[in-house]
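Student: pasting a predicted model and its sequence here:
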Amino acid sequence: MERILKKFFELTANPYGSLAEWKEKNKKKVIGCYPMQLPEEIIHAAGMLPVIIWRSNEPVTMGHAHIAPFNCGLTRSFVDDAVKGKLSFLDGVVFYRMCLQAQSLPFIIERNACPSYMEYLYLPALYPGASIRDYLIEEFERLKKSLEEFGGQEITVQSLNRSISVYNRNRRLLAEVYALRREKPGLIKGREMQAIVNSSMLMPKEEHNRLLEELIPELKKRSPADQKVRVVIYGGLCQTVQPEVLDLIESLGMVIVDDDMYVGSRYFANEVEASEKPVESLANRYLKKLPPCPTKGDWETDWTDYVIEIVKRNKAQGVITMLVKFCPPHLCYYPDLKRKFAEHGIPEVLIELEHEVISLEQTRTRLQSFIEIIGGV
Amino acid sequence: MSLMVAGVDIGSLCTKTVILSAERKILSFNILRSGAVYRGAAESSLNEALKTLGFNIKDLKYVVSTGYGRARVPFADAEVTEITCHARGANYFFPEVRTVIDIGGQDSKVIRVNETGQAVRFVMNDKCAAGTGRFLEVMAGALGVDLEEMSEIALYAHEDIEVSSTCTVFAESEIISLLAGGYEKREIAAAIYKAIARRITGLTGQIGLVEKVAMTGGVAKSGGVVRALEKKLGVALLIPPEPQIVGACGAALIAREKALP
């Protein structure tokens, strides 16, 4: 078990080396993907390795000549890596209209990382009706065709369904790990959980599945830490959060029972249905309204209701907002979330996360005051 | 003496101690500059407070530490955050208070308090020291006056000017430019207080202003800040006789609860 977790930690701490090594060994192409919404299965079916772009451990330096310091950590760090030449192992990058901050990146990446393949998808941000579904299917077909041309390998219904099934298996296994934590909070540390999900974004799913199958029975043998104040964390919509903050939450006497985070339960939510028309199935997954995504305009579902449901289901005593600094989609919804948590009597605390700086002492005071409010002194 | 407890608040600038009796009476208190050695400051401040009573640490039944140095006080029986302590302390002085504005040496907080003195919600300033005691000290230094003098001269300001409220270092440069531009110190001093009031009003807006409102922390001793804040918020602020010891007092009250459940 420790061996597998160590592998996950090593990979997530330094994906560059591991990916370059994997590429060299397997003679396959590595494609960087914008987080959240892309159908990785199509890239997988093209015989390439899709990886979700990540935040490095380094402060942004040269990248600031190309991107404003008031962009989020992920976009700044990705640009910085490109400018520093750290992304040379990427054969291609697939972008889409993710958020305002990410829109200018393709130009910078094209100039500085010079990947052989680049594709930009126009994924619909609204759900006005059936025409959107048709449009989305066309967009996914376009991606499929361009990947076939780039890779020189046809993507058949069978090969795409095979990839879907590998991805679904991964979703099911990750869901199983989450169920274990819900059942016995404290069984898996916050930083471990983040590494478990993050590593899935950075290695072949077949290998991740094998490792999870080995890991799950071992995790079951662990004994959970003492029952403490149960909390749900949410936020970090497209990127990891500093593991030090997760450690701090736990060291102050809280236990994370569940989350609504991208490098968390959002990543494996919703399986893709097996069908004769796999591209349509992938489009159907994209059009699912839960988990609600603040980068997609949908007036029928309420993000707060979704988080409150997670809180209630897990009998959590409070919510911790993990707000990535300069994330407009999250910031836009935050006042609403904050107000509704208060209306429902759910204690909530805001932790703002920035790429370079985390003022751990201040964060400690915030979190400790939060637990004093929930649990008394 | 039947029972004595203490609260020690190790802040970024000063360390404060309050010694409390079983009857919740403040027996003595002490305020000391923290310096670089938090442990030494906590011990010295506590010893000073005890000395006036003729006792020593062994006579204390329970000690609660609070403030930024709270985790590093070896003789403390428990550590509690300054947010909880200021809420409790403000409730001790003014039970009717529902909003506490605490401006200390390096941070500022607005806390919603219930009728029992428990913190219900809070907001804190983020990274910068703008709108804190340190900000005031830096600005007074730039003006070449002491804190009391700065508060005094601001009363005589005629012209309305603005200073940035977002960054201490930038605000200091602005003051130097204003001085070079021929502005009087009194106008600049008034602008500094307004900048703090603007900053705190922003924080208060996130929690909502529910009366009555108390102000605690060392900065509550600055008449200039209090006047500017009252004007901006449109409410009268309740200020304890020694606002700097409210956190330590809250810690001592919690110590008393722990010692006498």
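Tutor: Structure's in. What do you need? The shown structure was predicted, so the numbers you read here are calculated from the model rather than taken from an experiment.

Student: use CA for all of it now, contacts and neighbours both
Tutor: Noted.

Student: leaving out sequence neighbours, find the closest residue to the residue of the stretch 51-200 of chain A found nearest chain B.
Tutor: Closest residue of the stretch 51-200 of chain A to chain B, C-alpha to the nearest C-alpha: A:Phe70 (15.0 Å). Take A:Phe70 and drop its neighbours on the chain: the residue closest to it by C-alpha to C-alpha, 6 or more residues apart in numbering or on different chains is A:Phe326, 6.2 Å away.

Student: for chain B, see how far away that neighbour is.
Tutor: The gap separating A:Phe326 from chain B is 14 Å, by C-alpha to the nearest C-alpha, to the nearest Å.

Student: nearest residue to the middle of chain B?
Tutor: Nearest residue to the geometric centre of chain B (C-alpha atoms, centre = their mean): B:Gly217, 1.3 Å.

Student: quick one, what contacts the residue in chain B positioned nearest to chain A?
Tutor: Nearest residue of chain B to chain A, counting by C-alpha to the nearest C-alpha: B:Thr81, 5.8 Å away. By C-alpha atoms under 8 Å, 6 or more residues apart in numbering or on different chains, the residues touching B:Thr81 are A:Thr365, A:Gln368, A:Ser369, B:Thr66, B:Gly67, B:Arg70.

Student: cool, and B:Ala236?
Tutor: So B:Ala236 contacts B:Val213, B:Glu230 (C-alpha under 8 Å, 6+ apart).

Student: and A:Ile351, helix, strand or coil?
Tutor: Following DSSP: H, G, I helix; E, B strand; the rest coil, we place A:Ile351 in the strand state.

Student: pretty sure it is touching A:Met322, no?
Tutor: Yes - between A:Ile351 and A:Met322 there is a contact at 5.3 Å, judged by C-alpha atoms under 8 Å.

Student: mean confidence for stretch A:207-227?
Tutor: Taken as a whole, stretch A:207-227 carries a mean pLDDT of 92.

Student: tell me which residues of it are tucked away?
Tutor: By neighbour count on 16 or more other C-alpha atoms under 10 Å in any protein chain shown, the buried set for stretch A:207-227 is A:His208, A:Asn209, A:Leu211, A:Leu212, A:Leu215, A:Ile216, A:Leu219, A:Pro224.

Student: give me the low-pLDDT residue ranges for the chain?
Tutor: This is for chain A. A:128 (pLDDT under 70).

Student: I was after chain B.
Tutor: Ranges of chain B meeting pLDDT under 70: B:1-2, B:36-39, B:127, B:165-166.

Student: which helices and strands does the longest helix along it pack with?
Tutor: Secondary structure of chain B per DSSP state H: the longest helix is helix B:185-207. Packing partners of helix B:185-207 (3 or more C-alpha pairs under 8 Å, 6 or more residues apart in numbering or on different chains; DSSP states H and E): strand B:108-113, strand B:119-124, helix B:133-143, helix B:147-154, helix B:168-180, helix B:223-233.

Student: rerun that using 6 Å as the cut-off
Tutor: Using 3 or more C-alpha pairs under 6 Å, 6 or more residues apart in numbering or on different chains; DSSP states H and E, the elements in contact with helix B:185-207 are helix B:147-154, helix B:223-233.

Student: would you mind giving those helices as JSON lines with distance to B:Leu179 and mean neighbour count added?
Tutor: Shown next, in JSON lines, are the helices and strands packed on helix B:185-207 (distance: least, C-alpha to C-alpha, whole Å; neighbours: other C-alpha atoms under 10 Å in any protein chain shown):
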{"stretch": "helix B:147-154", "distance to B:Leu179": "14", "mean neighbour count": "19"}
{"stretch": "helix B:223-233", "distance to B:Leu179": "19", "mean neighbour count": "19"}
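
Student: dump those helices into JSON lines; add distance to A:Leu19 as well.
Tutor: Shown next, in JSON lines, are these (distance: least, C-alpha to C-alpha, whole Å):
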{"stretch": "helix B:147-154", "distance to A:Leu19": "59"}
{"stretch": "helix B:223-233", "distance to A:Leu19": "56"}
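
Student: out of the ones you listed, nearest to A:Asn161?
Tutor: Set against A:Asn161 and scored by C-alpha to C-alpha, these come closest in helix B:223-233, at 62.8 Å.

Student: which residues in the stretch 1-150 of chain A form helices?
Tutor: Assigned by DSSP state H, counting those that start in this stretch, the helices in the stretch 1-150 of chain A fall at A:2-13, A:15-26, A:40-45, A:73-83, A:105-112, A:130-151.

Student: turn these into JSON lines, including mean neighbour count.
Tutor: JSON lines is the format used below for these (neighbours: other C-alpha atoms under 10 Å in any protein chain shown):
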{"stretch": "helix A:2-13", "mean neighbour count": "17"}
{"stretch": "helix A:15-26", "mean neighbour count": "15"}
{"stretch": "helix A:40-45", "mean neighbour count": "25"}
{"stretch": "helix A:73-83", "mean neighbour count": "25"}
{"stretch": "helix A:105-112", "mean neighbour count": "16"}
{"stretch": "helix A:130-151", "mean neighbour count": "17"}
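
Student: among these, which comes closest to B:Leu143?
Tutor: Of all the helices of the stretch 1-150 of chain A, helix A:73-83 comes closest under C-alpha to C-alpha, at 38.1 Å.

Student: looking at chain A, which helix is longest?
Tutor: helix A:157-183.

Student: and it, what's buried?
Tutor: A:159-175, A:177-178, A:180-182.

Student: so which elements touch that helix?
Tutor: So helix A:157-183, by 3+ C-alpha pairs under 6 Å, 6+ apart, packs with helix A:40-45.

Student: tell me how far the closest residue to chain B within the stretch 101-250 of chain A lies from A:Val357.
Tutor: Nearest to chain B in the stretch 101-250 of chain A, going by C-alpha to the nearest C-alpha, is A:Leu248, at a distance of 13.8 Å. According to C-alpha to C-alpha, to the nearest Å, A:Leu248 and A:Val357 sit 15 Å apart.

Student: same thing with A:Glu271?
Tutor: Plainly put, A:Glu271 is 36 Å away from A:Val357 if you go by C-alpha to C-alpha.

Student: who has more neighbours out of those two?
Tutor: Higher neighbour count among A:Glu271 and A:Val357: A:Glu271, with 17 against 10, using other C-alpha atoms under 10 Å in any protein chain shown.

Student: buried ones in the longest helix of chain B?
Tutor: B:185-201, B:203-204.

Student: and if you look at stretch B:236-255?
Tutor: B:236-240, B:243-255.

Student: cool, stretch A:341-355 as well?
Tutor: Neighbour-count burial for stretch A:341-355 flags A:Phe341, A:Ile346, A:Pro347, A:Glu348, A:Val349, A:Leu350, A:Ile351, A:Leu353, A:Glu354, A:His355 (criterion: 16+ other C-alpha under 10 Å).

Student: get me the contact residues on chain B for chain A.
Tutor: Contact residues (C-alpha under 6 Å from any C-alpha of the partner chain) of chain B with chain A: B:Thr81.

Student: and chain B, what are its domains?
Tutor: By the assignment in automatic domain parsing, chain B contains the domains B:4-86+B:245-259, B:95-239.

Student: between the two ends of the last one, how far is it?
Tutor: Read it as domain B:95-239. Start and end residues of domain B:95-239 are separated by 13 Å (C-alpha to C-alpha).

Student: and what of stretch B:65-74?
Tutor: End-to-end span of stretch B:65-74 (C-alpha to C-alpha): 10 Å.

Student: who touches that stretch?
Tutor: B:Gly7, B:Val8, B:Asp9, B:Ile10, B:Gly11, B:Arg39, B:Ala76, B:Glu79, B:Val80, B:Thr81, B:Glu82 (C-alpha atoms under 6 Å, 6 or more residues apart in numbering or on different chains).
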